[in-house]
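Asks: fold the stuff below for me.
(2 chains)
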There are 2 protein chains.
Amino acid sequence: MSGGTLRVLPLGGLGEIGKNMTVVEYDDRIVVVDTGLRFPTAEQMGIDLVLPDFTYLRDRVEDIEAIVITHGHEDHLGALPWVLRELGTEDAPPVYGGPLAMAMARSKLDEHRIRDVVLEDVPDGETIEAGPFDIELIHMTHSIPDSNAVAITTDVGTVLITGDYKFDQTPVDGRPADMSRLAELGRDGVLLLCGDSTNADRPGYSPSEAGVGPHLEEVFSRCEGRIIVTSFASNIHRVQQVVDAAAALGRKVALVGRSMRKNVNIGRSLGHIELPDGILVQPREIDQFPDERIVIISTGSQGEPLSALRRMAHNDHRQVRLHAGDSVVFSATPIPGNERAVNETIDRLYHIGCDVITTADAPVHASGHGYQEELKLMLNLTRPRYVLPMHGDFKRIHLHAQLAESVGIDPDAIFQGENGLPLELDERGARWGDKVQSGMIFVDGVDIGDPADVALRDRRMLSADGIFIVVATISEQDGSSVAPPEVIFRGVPFLEQADELIEEIRGAVEDSLDAAAKDRVREVDLLQQQLHDDLAAFVYDRLKRRPMVLPVVVEV
Amino acid sequence: MSGGTLRVLPLGGLGEIGKNMTVVEYDDRIVVVDTGLRFPTAEQMGIDLVLPDFTYLRDRVEDIEAIVITHGHEDHLGALPWVLRELGTEDAPPVYGGPLAMAMARSKLDEHRIRDVVLEDVPDGETIEAGPFDIELIHMTHSIPDSNAVAITTDVGTVLITGDYKFDQTPVDGRPADMSRLAELGRDGVLLLCGDSTNADRPGYSPSEAGVGPHLEEVFSRCEGRIIVTSFASNIHRVQQVVDAAAALGRKVALVGRSMRKNVNIGRSLGHIELPDGILVQPREIDQFPDERIVIISTGSQGEPLSALRRMAHNDHRQVRLHAGDSVVFSATPIPGNERAVNETIDRLYHIGCDVITTADAPVHASGHGYQEELKLMLNLTRPRYVLPMHGDFKRIHLHAQLAESVGIDPDAIFQGENGLPLELDERGARWGDKVQSGMIFVDGVDIGDPADVALRDRRMLSADGIFIVVATISEQDGSSVAPPEVIFRGVPFLEQADELIEEIRGAVEDSLDAAAKDRVREVDLLQQQLHDDLAAFVYDRLKRRPMVLPVVVEV
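Replies: Model prediction:
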């Protein structure tokens, strides 16, 4: 170790599951690892996506040597178009990653018409030099092919960011994680391990992805009608196994849902999936085959509102109409927060008369994240001096810290962090630095902004109690009312005597204007303020609710 | 069997978990069993409560002989004040139930200032005669004391509605379900069994409530600091067991949360809970005792926004400030849909540094609903001729039907129903009748109404994209604009060039008015319609979102 201070600053993924983004900084130069997003909750009204707040990078664009993407999942890659657009694509640093991650990044940037950014495939084992950083991708196994850990080496030492991983000893493509290279890094000395905590609460080892295929085939063999399988579209090896099980039982396969078709296409072009000749049929051809000869692979495993499966469950899919005798296999588990949407979808399927098979019925899914023994294996292989658990809510970060302690890491060398809190490492040791701005920003339509934006507060108010609009037209000369006040409301429910109430509000408007005239209040802003206060009080008194009250005073 | 037709009409609780309500009808007379509610989802914006749509009863008030409440939970009792108010309390039928359910009903009606309704305690074993119905309550075990099944007998036979139940052989109060009476009914002949399906997906038998106490004591004995236990306030026997475990370990007990204090008070007055002398301390006295001498029993096991535990987790509780070393025990599991809120609460607790113990760590909870073997036991005890599974989503109703088939009930005698679909029984057999209006009604503030209400559609629109309001003032004489248009928006986010856009919209308003003048459109409604269409198109073109557009034309 020598020289300056290395800073590792998580901007997302700590104290939450999703929107992973980490800044590694040395000698005033920066590498960004991952640019992930989260999907909004129902409380985040009308918001499309949630991104990490990357304000910290806005004035540092010229210092960024590279953006590295560990793998192609939305929670690691999805914010890339917005990050590049906001930081300016002209000065954008190159983006590095494995070939699949880069193909998915390319597709995303194309959708955003961002074309002037360099995306560079990095074969694993090769080292990129970027300013004071040596950057190396290390092959890992996960629920999407081409997942990597990132080793970033500076004068101070090596930081290993695991990305998402499991130690699958029998992956579908026959390429286990590069444990040999991890061990070598461990021998040479890892300064800091930033590890995936997603399954830090699960004891033992995660089941192998390859174990899912035989279970799928066994489940399929008991189905007499059509089979609909839903899984993550990016889980290309899972799709491969569904196809293989279908082929073994002489069934044709139809791919339904835009992202399913897109991911299979990308996966085929990169050699991650092989489809037997003639097995694919188009969704519109499904009805030409007997029920027992069809497997449909569909998006919608999370109950997403516009997904193919959700549409099928609501009898609202153009090409697939489900009926009694169909079997729907959920080859996925709900991401926390999606339970309700998934359960609603399942219940619609039962109502139609479908049979539904989930992981509660058969082991038709395997997690892409290592369990406790795998996290320990990572710690023992890499023998880091310091540990900063990542990718997890506070509970999982806490449990990951306990696991690190259990394999002999000094408790003082384990840092339970949070977004915006940088860990600073130099030859004297490691310690927290000063907190920087972090949190969420929202994508809403085409724009991004701050969740504290007044628009969102307004929407919350509008959504809870609606709005009253009052238009008063007064004379420019003497402030007297020249037309009866207009009273309009929207979203104020269950007004049984609406006409009567509107009459009363008109009266209240006139009273308020009269009072203002008496007090010689003539300035429109003041009039509007007074009208607002008088009417809000009046409406609350009558309705016991607080709709937004918006007075408009027009002078003619 | 003889005479007319018996109708059993579920108005709530089928195809859903919650808002249970069943109408039993014979000879034009009616008994209503349970009047339950549900809590709204985040998508049901601003709504306070969800009730079953009881339109069917509105013209039949005089035909209702009785309302019977099986037990005091919100999903069986909670809608009572609204049902009584809407049907008219003057002609209200008497309400029957066990003493605890009636005490809780009394408390609810008092809050709604409903005082002229007869609430009548029914000792179990006693039969009420109500028109053509003989009504009997049968003691059952559940997660609230004083839970009952209801047997309703007419000329046609006996309908047994189980309410919520488990067969707990060692209940905390030593009073197992009255299996003897159930068996007797079975021997005499049960025409129809309407059974609780809540845990139809769980194999085996539910664990006994009495087993929870020793586990709580064992968990408590390992805690060195304060202990906070959260459970349902109505689970009075659970509270008893927490108190007993605290007493055994020499800890004082504080009750925190309004409903916890209220339920313990009602439970004490009816003898369902006994507190050792001097064990209770007031919440404000907690800090006077060492951490290792305190157990706090708190509301908030479902992560409810205003609950005591949620406030504590957000450092926002007046009397209890949590700190590292505190242990929080969740003696409850999340009701489906509440997972996110519960997980968020747990994660806040970890962030504070609390230890959190849930059912994943120790068996500190037992469900109040029987598992599969108990549903079979009920079927075998009562040997019904027909079965109508209730209290469950479609999945659980389907699984309950399979259980009935597995114990030998004729598949044609098992009816998988839905809300609003009456089952008609007479001497010729059983069959579905014609569907009647059913579904949800919403409580919003003090009023109730239909979810299809335009106000809610408006709120959804307002919450997603906000609102533009445009006020155009025109001359009564010639329709010409007499003041510049006013443009106001709320809830439209992230407008970077708002001023510029408003100018453009003003221009668009004037263009639209000019076009209207050219076409000699003068009628205000038509003008507003045309303005709306022109502006909505303009705004969408510019913002790619669809806020509500509300033009107001004022003639002066």
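Asks: which element, helix or strand, includes the residue lying closest to A:Val23 once chain neighbours are set aside?
Replies: The shortest distance from A:Val23 to any non-neighbouring residue, by CB to CB, 6 or more residues apart in numbering or on different chains, is to A:Leu9 (4.2 Å). No exception for glycine: its C-beta is placed from N, CA and C like everyone else's. Using DSSP states H and E, A:Leu9 sits within strand A:6-12.
Asks: restricting to C-alpha, output that strand in PDB.
Replies: This file holds the C-alpha atoms of strand A:6-12, laid out as PDB (Å, rounded to 0.1, in the frame of the first residue of the first chain):
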ATOM      1  CA  LEU A   6      -9.100   5.300  -2.000                       C
ATOM      2  CA  ARG A   7     -12.800   6.100  -1.600                       C
ATOM      3  CA  VAL A   8     -15.600   3.500  -2.100                       C
ATOM      4  CA  LEU A   9     -18.900   5.300  -2.200                       C
ATOM      5  CA  PRO A  10     -22.100   3.400  -2.700                       C
ATOM      6  CA  LEU A  11     -24.800   5.600  -4.300                       C
ATOM      7  CA  GLY A  12     -27.400   2.800  -4.300                       C
END
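Asks: pull the contacting residues for the residue nearest to A:Val23.
Replies: Contact partners of A:Leu9, counting by CB atoms under 8 Å, 6 or more residues apart in numbering or on different chains, are A:22-25, A:56, A:420-423, A:433, A:436.
Asks: counting neighbours, which of these comes out on top?
Replies: Within the contacts of A:Leu9, most neighbours by other CB atoms under 10 Å in any protein chain shown means A:Thr22, with 28 neighbours.
Asks: for the residue nearest to that residue when sequence neighbours are not counted, list each beta-bridge partner.
Replies: In space, A:Thr22 comes closest to A:Val33 once its chain neighbours are excluded; the distance is 4.6 Å by CB to CB, 6+ apart. With DSSP bridges as the criterion, A:Val33 is bridged to A:Thr22, A:Val68.
Asks: can you get me the start-to-end distance on stretch A:276-288?
Replies: End-to-end distance for stretch A:276-288: 20 Å, by CA to CA, to the nearest Å.
Asks: go on, stretch A:464-478?
Replies: 38 Å.
Asks: what does stretch A:358-375 give?
Replies: The first and last residues of stretch A:358-375 sit 27 Å apart, counting by CA to CA.
Asks: how about it: buried residues?
Replies: Across stretch A:358-375, burial judged by 16 or more other CB atoms under 10 Å in any protein chain shown covers A:358-359, A:362, A:364-372, A:374-375.
Asks: quick one, what contacts A:Val83?
Replies: A:32, A:35, A:51, A:54, A:57, A:67.
Asks: quick one: the fourth one from A:Ile152, how far?
Replies: What it means is A:Phe54. 18 Å (CB to CB, to the nearest Å).
Asks: same thing with the second one?
Replies: If you measure A:Thr35 against A:Ile152 using CB to CB, the figure is 16 Å.
Asks: same question, the first one
Replies: With distances taken as CB to CB, A:Val32 is found 11 Å from A:Ile152.
Asks: the last one too?
Replies: Counting by CB to CB, the gap from A:Ile67 to A:Ile152 is 12 Å.
Asks: what sits in contact with each of the two?
Replies: A:31, A:33.
Asks: so A:Leu57 lies in a strand, does it not?
Replies: No: the assignment for A:Leu57, made by DSSP: H, G, I helix; E, B strand; the rest coil, is helix rather than a strand.
Asks: which single one of the contacts of A:Leu9 is nearest to chain B?
Replies: A:Leu421 (12.3 Å; CB to the nearest CB).
Asks: what sits closest to that closest one if chain neighbours are left out?
Replies: Nearest to A:Leu421 is A:Lys435, by CB to CB, 6+ apart, at 5.3 Å.
Asks: and the one you found, how far from A:Asp124?
Replies: For A:Lys435, the distance to A:Asp124 - CB to CB - is 34 Å.
Asks: just A:Glu74 next, same as before
Replies: To A:Asp124, A:Glu74 is 22 Å away according to CB to CB.
Asks: what do you get for A:Thr70?
Replies: 11 Å.
Asks: with A:Glu136 instead?
Replies: 8 Å.
Asks: which element is the nearest residue to A:Leu399 once chain neighbours are set aside on?
Replies: Leaving out its chain neighbours, the residue that sits closest to A:Leu399 by CB to CB, 6+ apart is A:Ala200, at 4.1 Å. Assessed by DSSP H and E, A:Ala200 sits outside every helix and strand.
Asks: residue contacts, A:Ala200?
Replies: Residues near A:Ala200 by CB under 8 Å, 6+ apart: A:372, A:375, A:389, A:392, A:396-397, A:399-400, A:403.
Asks: and it, what pLDDT?
Replies: The per-residue pLDDT reported for A:Ala200 equals 97.
Asks: chain neighbours aside, what residue packs nearest to the closest residue to chain B within the stretch 151-300 of chain A?
Replies: Residue nearest to chain B within the stretch 151-300 of chain A: A:Asp201 (7.8 Å; CB to the nearest CB). In space, and not counting its chain neighbours, A:Asp201 is closest to A:Leu399: 5.5 Å by CB to CB, 6+ apart.
Asks: next: A:Arg293.
Replies: With sequence-adjacent residues excluded and distances taken as CB to CB, 6+ apart, A:Arg293 is closest to A:Arg251, at 5.4 Å.
Asks: cool, A:His351 as well?
Replies: Among residues not flanking A:His351 along the chain, B:Phe394 sits closest, at 4.3 Å (CB to CB, 6+ apart).
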